[in-house]
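Participant: Give me a model of this one.
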Amino acid sequence: MATSSDPSKKPKAGKGQALFTLASGTPARISSKTADAPKLDVAPPKRPERQPTFSRDGMDQRLASFLDPKSMGLQCFKMLRAKLFTNDLRVRPRSIMVTSPQPLDGKTTVATNLAIAISRGIGEHVILVDCDLRKPSIDRLLGLKVNIGLREYLEVGTSVAPYLVKTPVKKLTVLTAGKSTDNPAELLSSEKMRLLVEELKARYEDRYVIFDATPAKFAAETTFLASMMDGVLLVVRSGKTDKDLILETIENIGRKKILGVIFNASQENQRHYHYYYRYYEKGRG
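Facilitator: Residues are numbered from 1 along each chain as shown. Model (predicted):
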């Protein structure tokens, strides 16, 4: 699949495919406006009375194609994975937070597809953690019938193992958010959360942990979480996210933490989504 460094020449997307363009640059060169991302309609889950299950039939269409090893979408996220792990960093990032400046930028879709791409592309263990306790969505996106997760572990859990959900994707495990809360800052900035991040990273030598965090504009806890991570990916909506808001988010998180900025331009076509990404490498351009 061809890539281009000219953002003005957007390749056409086929139905259900993803297009991925790599371009050099820095956050300061981001255009002043960045197509609408798909809306994540989320309802707080109910507490389960049985063990969590995984339903492929209930999986969101934004992810279904990525479970096909021949899909264009999966190949595109493999490219993102390769870019993350072959850059100038001395040590591979084992804990990666994915966030956005504002809601509906598509961060959860990016985080989930990246987790699938890592586990399938190089066969290494991945844990996907839903840290968006204000509006949990990974359970719905993956078709998971579960509502206990990170919140319950941080409040009363003694071992994280019972809260981890295996998926049909080989070597991909999920820790859902659990019941939503309007005030998660204390939980997510706690020492118990910091220890959890380290524990999940240490579970296997080849372990990667992807954390989907609340949009930074409205959540102080996102900055706390970023300080616990090896690196942060920032997802913005092409043509919608204001440049000043992007730069403000980068400064609040800390430039040294930013692994890159992903431009997400997606349009709904029946039940399929088309993607166009540009990845800005840190410190280049």
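
Participant: can I assume residue 75 sits in a helix?
Facilitator: Yes. Judged by DSSP: H, G, I helix; E, B strand; the rest coil, residue 75 forms part of a helix.

Participant: What count of nearby residues applies to it?
Facilitator: 17 (other C-beta atoms under 10 Å). For glycine as for every other residue, the C-beta is placed from the backbone atoms N, C-alpha and C.

Participant: now swap in residue 184 and tell me
Facilitator: Residue 184: 22 neighbours (other C-beta under 10 Å).

Participant: Residue 236 now?
Facilitator: Neighbours of residue 236 (other C-beta under 10 Å): 30.

Participant: Next: residue 161.
Facilitator: For residue 161, using other C-beta under 10 Å, the count is 9.

Participant: do you know how far it is from residue 255?
Facilitator: 36 Å (C-beta to C-beta, to the nearest Å).

Participant: Would you map the helices across the stretch 51-200 of the chain?
Facilitator: In the stretch 51-200 of the chain, the helices defined using DSSP state H, counting those that start in this stretch lie at 61-64, 72-85, 107-121, 138-142, 150-156, 185-188, 191-202.

Participant: Need those helices in JSON lines (columns: distance to residue 223 and mean pLDDT).
Facilitator: Output for the helices of the stretch 51-200 of the chain, formatted as JSON lines (distance: least, C-beta to C-beta, whole Å; pLDDT from 0 to 100):
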{"stretch": "helix 61-64", "distance to residue 223": "27", "mean pLDDT": "61"}
{"stretch": "helix 72-85", "distance to residue 223": "21", "mean pLDDT": "77"}
{"stretch": "helix 107-121", "distance to residue 223": "15", "mean pLDDT": "88"}
{"stretch": "helix 138-142", "distance to residue 223": "21", "mean pLDDT": "89"}
{"stretch": "helix 150-156", "distance to residue 223": "18", "mean pLDDT": "97"}
{"stretch": "helix 185-188", "distance to residue 223": "10", "mean pLDDT": "95"}
{"stretch": "helix 191-202", "distance to residue 223": "13", "mean pLDDT": "93"}
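
Participant: would CSV of the ones you listed with distance to residue 226 be doable?
Facilitator: Shown next, in CSV, are the helices of the stretch 51-200 of the chain (distance: least, C-beta to C-beta, whole Å):
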stretch, distance to residue 226
helix 61-64, 25
helix 72-85, 16
helix 107-121, 13
helix 138-142, 19
helix 150-156, 16
helix 185-188, 11
helix 191-202, 11
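
Participant: With residue 245 as the reference, name the closest of these.
Facilitator: helix 107-121 (14.2 Å; C-beta to C-beta).

Participant: how big is the angle separating the closest one from helix 72-85?
Facilitator: Going by axes from the mean of the first three to the mean of the last three C-alpha atoms, to 10 degrees, helix 107-121 is angled at 90 degrees with respect to helix 72-85.

Participant: can you pull the buried residues of helix 107-121?
Facilitator: 107-121 (16 or more other C-beta atoms under 10 Å).

Participant: And the residues you listed, which is closest to residue 135?
Facilitator: For the buried residues of helix 107-121, the nearest to residue 135 is residue 108 (9.3 Å; C-beta to C-beta).
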